[in-house]
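**Student:** Output the structure for:
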Amino acid sequence: MPEVQALATATGEDVHADFLAQGTVPVMGEPRAPGTQRALCPVIVGRELELGILDQSWRSAGQMVVVQGAAGVGKSRLVREFTSQVRETGGLVLLGRCSPTGVDVPLRPLREAFLAADRRGLRPAQELRPFLPALGTIVPDWARPDDAAADRGTIVLAEGLLRLMAPWAVASRSATVLVIEDLHWADTETLQVVEYLADNLADQPVLVIATIRRGEGGAGVDLVDALSARRAVVPVQLGPLDRASSVAMLRECLGGGVLATTLFDKVVERSEGIPFFLEELLASALADPSAERVPESIAAALKARLASLSGTALQLVRYAAVFGRQFDWDVVVAALRCEPAQAVDALHQAVEAQLVDAGDGLHRFRHALTVEIIVGALLTEERQRISALLFATLVRLHPDLEGEICQVAAGLADRAGERAYAAQLWLKAAGRALGEGSLGSAEALALRARPESPTEADRLLLSTWALGGQPLRALEVGERLLASGQEAAVHADVLFDLVDAMIDAGRWDDVERHLASVTASPIPSHAARRAIGQSELALARKDTRAAMAFARAALAGAQSTGRADLTCRALWLIGRVERGLDTHAAQAAFQEAYEYANRHSLPTYRVRSLFELGTIEMFETLGSRRLEEARQEALAVGALSTAAMIDLHLAATYSVRGRTALTLAAAARCEEVSRRLSLSSLPMS
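**Tutor:** Next up is the predicted model:
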């Protein structure tokens, strides 16, 4: 196993987890002029289960299926795909659509469906003569001059339609499909017919499909709820696509050519699994890759819903949007200075307009794009005024500003013009994120604070980049801090962070130089940090005896000062030395570090410990389960160099097992990140 044995001397560094930046991804073919590109998906993606339900219902016949979901989720597309399959087999499909402008037009969708049938030459059979007066109300050609006194009621019409479609099914040798789109906008008479059909379809060669938009109010929604309660319909609930299906749909939309990976990922994330949004965002990105705006096609649909709100409801959603996608109801209402009854009524309106979800004590906009549109429509002065009111109210109601509230308060303070205050709150949130092992969040928050508080932000960035395995960035900020003349204790902390960063980079001369620069320190944990650096240096120079001595000294010092993070690092060093001597002793050390990290809520250290345990599994059995699990966790917490080193170990494991494609993929991921971040894993990858 030469590839695996070659890793025996490799140190377990922490490496950048942004492996998605593979350069480009497959995309749409011929370029078009800006503003003219379309990116409609040529196939349906991620709806195999729902298509199967429709197909089974058609073959069984004698029932009504209701396809329901949010606007843009793909209800019509699903039904269109299914009915295309029905037509390809020779089946008959009748289609009518309700309209928001047609609620006062009786039987509009039924007229549309059966007028189209009449144009195709389909007529009522002779035995339906008693029903012709009623049928003539939707297709004038079927009416007779002497029908003036006949019963034209909706029940007679519904029965006539049922008897009308049955012979057509026999002729086509498959169940007739009647589709009624957008039932939430249906008129009263249409709903009466639909209810009759739902209750009387049993044993008939007919399938009725209705689509309905969830979140809308009205008689159509009430009818579907009533039919569902008595199990008279088959419900098909469409939710957003998961990420894998969204990615697959985007690739299908694109075809040939290339699209930058960062842009590809942004379209997937902003769409949040809504197929219509995905297509429209992609079209906008193809037209102007630098644009961040919401496509007008999406904005128009959301603005129409905003226009339906009362003045109070519109103000409530504006305040809520400035607060954020998930908003604090008490803070928003208090800042709005609205009567409780008015506020609840306004919330009902926002929910019915499908702008907001409210339940289980949480209040959240249904889509991030809604927030972008609402906030984007505000004048700068409006945003600043609302932000100031919300910030003052938030501080009054939550004076401690703990947890996620701290970041929300920072954003509001910044938009209100209180940038120095915002920076201090971002630094507080960054410190909390770093302590929790959320390295990506810690970096982003510290960078936000840096323009107002450069030195404090640089301290957090140095610790974050050293822990996250970005040695060049850590070196740059560390040298900047050293040049700024810090007090002795801070100066020593900076040097130790630089030691950690240089260990990741495999720059052992720099490790030795920085260790030598640390003067005697009264801080107890500094002795443990020095011993860890000395142990790493000795291990790199193959002096296992010295490495073990320094590691045990580091462990004793870390445990005496209560530093859980340093305890884990000392245990890793002990395990790595033991790995070449006694596998069971090595495994015990890594397992102890894993349990220690779990007990003290140190996710980054838990990942590294799991990686070390996976390395032992790799040596003993060529198993990759623990390594693959560790890689996923490393990506999740932003343990950058660890993820790259795991990929290197996986590449070796896959190679020995003869898995060539997996080997190349893992090695390429490691090589790309190692090159970008100047990691010591580059030559071997």
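**Student:** Distance-wise, check Trp426 relative to Thr604.
**Tutor:** Here Trp426 is placed at a distance of 21 Å from Thr604 (CB to CB, to the nearest Å). Where C-beta positions appear, they are placed from N, C-alpha and C, glycine not excepted.
**Student:** For the two, work out which one has more neighbours and name it.
**Tutor:** Higher neighbour count among Trp426 and Thr604: Trp426, with 29 against 25, using other CB atoms under 10 Å.
**Student:** Name the next helix or strand downstream of the helix or strand of the chain with the lowest mean pLDDT, please.
**Tutor:** The helix or strand of the chain with the poorest confidence is strand 24-26; it has a mean of 34 (mean pLDDT, DSSP states H and E). Using DSSP states H and E, the helix or strand that follows strand 24-26 in sequence is helix 48-60.
**Student:** Does the residue nearest to Pro42 when sequence neighbours are not counted fall in a helix, a strand, or a coil region?
**Tutor:** Residue nearest to Pro42 in three dimensions, not counting chain neighbours: Glu252, with 6.2 Å by CB to CB, 6 or more residues apart in numbering. When classified by DSSP: H, G, I helix; E, B strand; the rest coil, Glu252 comes out as helix.
**Student:** show me what contacts Glu252?
**Tutor:** By CB atoms under 8 Å, 6 or more residues apart in numbering, the contact set of Glu252 is 41-43, 45.
**Student:** Just want to check the distance between it and Glu269.
**Tutor:** 18 Å.
**Student:** send the alpha carbons of whichever strand or helix holds Met645 over as CSV?
**Tutor:** Per DSSP H and E: Met645 is located in helix 640-656. Provided in CSV are the C-alpha atoms of helix 640-656 (Å, rounded to 0.1, in the frame of the first residue of the first chain):
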residue,chain,number,x,y,z
LEU,A,640,-10.2,24.5,5.7
SER,A,641,-6.9,22.7,5.7
THR,A,642,-8.4,19.6,7.5
ALA,A,643,-10.8,19.2,4.6
ALA,A,644,-7.9,19.3,2.1
MET,A,645,-5.8,16.8,4.0
ILE,A,646,-8.8,14.5,4.3
ASP,A,647,-9.2,14.6,0.5
LEU,A,648,-5.5,13.7,0.2
HIS,A,649,-6.0,10.6,2.4
LEU,A,650,-9.2,9.7,0.5
ALA,A,651,-7.3,9.9,-2.8
ALA,A,652,-4.7,7.4,-1.5
THR,A,653,-7.4,5.1,-0.1
TYR,A,654,-9.4,5.1,-3.4
SER,A,655,-6.2,4.6,-5.4
VAL,A,656,-5.3,1.4,-3.5
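**Student:** by contact count, what packs against that helix?
**Tutor:** helix 2-5, helix 603-621, helix 625-637, helix 660-677 (3 or more CB pairs under 8 Å, 6 or more residues apart in numbering; DSSP states H and E).
**Student:** Those helices: lowest mean pLDDT?
**Tutor:** Least confidently modelled of these is helix 2-5, at a mean of 41 by mean pLDDT.
**Student:** can you map out the strands along the stretch 151-300 of the chain?
**Tutor:** Here the stretch 151-300 of the chain has its strands, by DSSP state E, counting those that start in this stretch, at 176-181, 206-213, 234-238, 258-260.
**Student:** any chance of the ones you listed in CSV, with distance to Leu679 too?
**Tutor:** As requested, those are exported to CSV (distance: least, CB to CB, whole Å):
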stretch, distance to Leu679
strand 176-181, 56
strand 206-213, 51
strand 234-238, 45
strand 258-260, 24
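**Student:** any chance of the ones you listed in TSV, with distance to Gln470 and mean neighbour count too?
**Tutor:** Supplementary listing: the strands of the stretch 151-300 of the chain in TSV, determined by distance: least, CB to CB, whole Å; neighbours: other CB atoms under 10 Å:
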stretch	distance to Gln470	mean neighbour count
strand 176-181	53	26
strand 206-213	47	26
strand 234-238	42	17
strand 258-260	22	16
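**Student:** Lowest average pLDDT across those?
**Tutor:** Among those, strand 258-260 scores lowest, at a mean of 65.
**Student:** And the closest residue to Leu223 other than its chain neighbours, how close does it get to Pro106?
**Tutor:** Nearest non-adjacent residue to Leu223, counting by CB to CB, 6+ apart: Leu191, 5.2 Å away. Leu191 sits 11 Å away from Pro106 when distances are taken as CB to CB.
**Student:** Of these two, which one has the most company?
**Tutor:** A count of neighbours by other CB under 10 Å puts Leu191 above the other of Leu191 and Pro106, at 20 against 16.
**Student:** can you pull the pLDDT of the more buried one?
**Tutor:** 92.
**Student:** returning to that earlier point: could you check the helix holding Met645 and say which residues are buried?
**Tutor:** 640-655 (16 or more other CB atoms under 10 Å).
**Student:** now it: mean pLDDT?
**Tutor:** 87.
**Student:** Run through the residues that contact Arg213.
**Tutor:** Contacts of Arg213 by CB under 8 Å, 6+ apart are 68-71, 75, 182, 184, 354.
**Student:** Reformat those into CSV and put pLDDT, secondary structure and distance to Arg231 next to each item.
**Tutor:** Below are the contacts of Arg213 laid out as CSV (pLDDT from 0 to 100; DSSP: H, G, I helix; E, B strand; the rest coil; distance: CB to CB, whole Å):
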residue, pLDDT, secondary structure, distance to Arg231
Gln68, 93, strand, 15
Gly69, 88, strand, 20
Ala70, 82, coil, 24
Ala71, 80, coil, 27
Lys75, 90, helix, 21
Asp182, 90, coil, 23
His184, 88, helix, 21
Gln354, 76, coil, 26
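**Student:** just the buried members of those residues?
**Tutor:** Those of the contacts of Arg213 that meet the buried threshold are 68-71, 75, 182, 184, 354, by 16+ other CB under 10 Å.
**Student:** Is it possible to get TSV of those residues that adds distance to Ala313?
**Tutor:** Below are the buried ones among the contacts of Arg213 laid out as TSV (distance: CB to CB, whole Å):
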residue	distance to Ala313
Gln68	24
Gly69	24
Ala70	19
Ala71	18
Lys75	26
Asp182	24
His184	20
Gln354	13
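**Student:** the helices in the stretch 451-600 of the chain, which residues?
**Tutor:** Using DSSP state H, counting those that start in this stretch, the helices found in the stretch 451-600 of the chain span residues 454-468, 471-483, 488-505, 508-517, 524-540, 544-561, 564-579, 583-599.
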